[in-house]
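1. okay, here's the prediction I keep looking at, along with the sequence it came from:
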Amino acid sequence: MTAVSRIHSRRLPPRLARHCWLALLLLGAMPTSAACLTDAEVVALMSAYDAGTPAANPGPASLADGECSRAKFNQLLQHRLGSPIGYKAGLTNAALQRRFHHNEPVRGTLYAPMLLADGATVDAAFGARPMFEADLLVRVSSAAVNQADNPLEVLAAIDQLIPFIELPDLLVADPSTLDGVAITAINVGARLGVAGTPLPVQTSAAFAQQLRDMQVVLRGDGVELDRGQGSDILGHPLNAVIWLARDLARQGKALQPGDLVSLGSFSSLRPPRPGLAVEVEYLGLPGNPLVHVNFRNSPAP
């Protein structure tokens, strides 16, 4: 009898059985460094994620520890949410790097259940520490993106731009103490996001300039809350794809055709409230595309 079948044969309470299953998934997953989250700590983090309640602040001391913790957390997320559909580049905006005391981007993983359709209505309390921000997705069309050195070469290896309001969850008891290493450990807060109508990509210097110079406007109930420019992300938003491909290569991975990439935030992080209608407009892209999300009261337990 296997370890898993023994657990089921003992008919443990569902919550305890789930925790045991999560722990078994992590056994032998990867070596644990000095400050990498333990298996028990990652199970507790996953349980908090599932419940939408604040988790203990993770304490990795180095980026390698944060990446080790992220790998364990993503193994549990993949068991719950299915195979990854792409990645998010976080802290690609200098203002957010300052907020999280980290001078380079960080990487998280995206899963299909995280993506919602334009105009979705979402509980304002969709996570433990829910936020919203203006973002943008691109879809990879060629593995050549992994060798891209400039935005024009990225344009030749992607086929869609997708307006995107990311709905991250900072997840922990005290988000004010999160730094780049700790936010790496929690998969860069990936939770949900609302994707708009895709735009076809134009492989031209003029289109690359439109992306660099576009104004990204975040509104709530029709009132402007914040705005950013394309160049706020690493000088050009497609530089986030270049950074991500190199970061994946560092760990023997690569972007694949069909992968989605979240480029990062063009705005500040803001907490939602029930009744708020949010939209993001991309002024300067063809048709000035929009994407929308509505927040509601969470249903009573």
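-> On my side now, so go ahead.

2. what sits against Asn187?
-> Listed by CB atoms under 8 Å, 6 or more residues apart in numbering, the contact partners of Asn187 are Arg70, Phe73, Asn74, Leu77, Gly108, Thr109. From N, CA and C alone the C-beta is placed, and that goes for glycine too.

3. nearest residue to it other than its sequence neighbours?
-> Spatial nearest neighbour of Asn187, excluding adjacent residues (CB to CB, 6 or more residues apart in numbering): Gly108 at 4.5 Å.

4. just the ones of the contacts of Asn187 in strands?
-> Gly108, Thr109 (DSSP state E).

5. so which of the contacts of Asn187 is the closest to Leu290?
-> Of all those, Gly108 has the smallest distance to Leu290: 25.2 Å, by CB to CB.

6. could you report the neighbour count for that closest one?
-> Residues within reach of Gly108, counting by other CB atoms under 10 Å, total 23.

7. roughly how far apart are it and Gly180?
-> Applying CB to CB, to the nearest Å, the value for Gly108 to Gly180 is 12 Å.

8. now do Arg98
-> According to CB to CB, Arg98 stands 11 Å off from Gly180.

9. neighbour count: those two, which is higher?
-> Neighbour count, other CB under 10 Å: between Arg98 and Gly180, Gly180 has more, with 21 against 11.

10. contacts only, for the residue lying closest to that one once chain neighbours are set aside.
-> Distances taken as CB to CB, 6+ apart place His102 nearest to Gly180, at 2.5 Å, with adjacent residues excluded. Listed by CB under 8 Å, 6+ apart, the contact partners of His102 are Leu91, Asp179, Gly180, Val181, Ile183.

11. if we use 7 Å, what do you get?
-> Applying CB atoms under 7 Å, 6 or more residues apart in numbering to His102 gives the contacts Leu91, Asp179, Gly180.

12. quick check: Arg70 vs Leu81, distance?
-> Per CB to CB, Arg70 is found 15 Å from Leu81.

13. with neighbour numbers in mind, choose between the two.
-> With neighbours defined as other CB under 10 Å, Arg70 and Leu81 compare such that Arg70 has more, 27 against 17.

14. need the three-state assignment for Ile162.
-> Assigned by DSSP: H, G, I helix; E, B strand; the rest coil, the conformation of Ile162 is strand.

15. do His101 as well
-> Of the three states, His101 takes coil under three-state DSSP.

16. for it, which non-adjacent residue is spatially closest?
-> Nearest residue to His101, sequence neighbours excluded (CB to CB, 6+ apart): Asp179, at 4.6 Å.

17. please apply the same query to Thr53.
-> Using CB to CB, 6+ apart and skipping the chain neighbours, the partner closest in space to Thr53 is Ala128 (5.4 Å).

18. try Ala120
-> Computed as CB to CB, 6+ apart, the closest residue to Ala120 that is not its neighbour in sequence is Val194, at 5.1 Å.

19. look up the pLDDT of the one you found for me, please.
-> pLDDT recorded at Val194 is 98.

20. what's the following helix or strand after the helix or strand harbouring it?
-> Using DSSP states H and E, the element containing Val194 is strand 192-195. Remark: after strand 192-195, the chain's next helix or strand is strand 199-200, criterion DSSP H and E.

21. and that following strand, what does it pack against?
-> Contacts defined by 3 or more CB pairs under 7 Å, 6 or more residues apart in numbering; DSSP states H and E place strand 199-200 against strand 158-167.

22. now the top helix by length along the chain: mean pLDDT?
-> Counting by DSSP state H, the longest helix found in the chain is helix 63-81. If you average the pLDDT over helix 63-81, you get 96.
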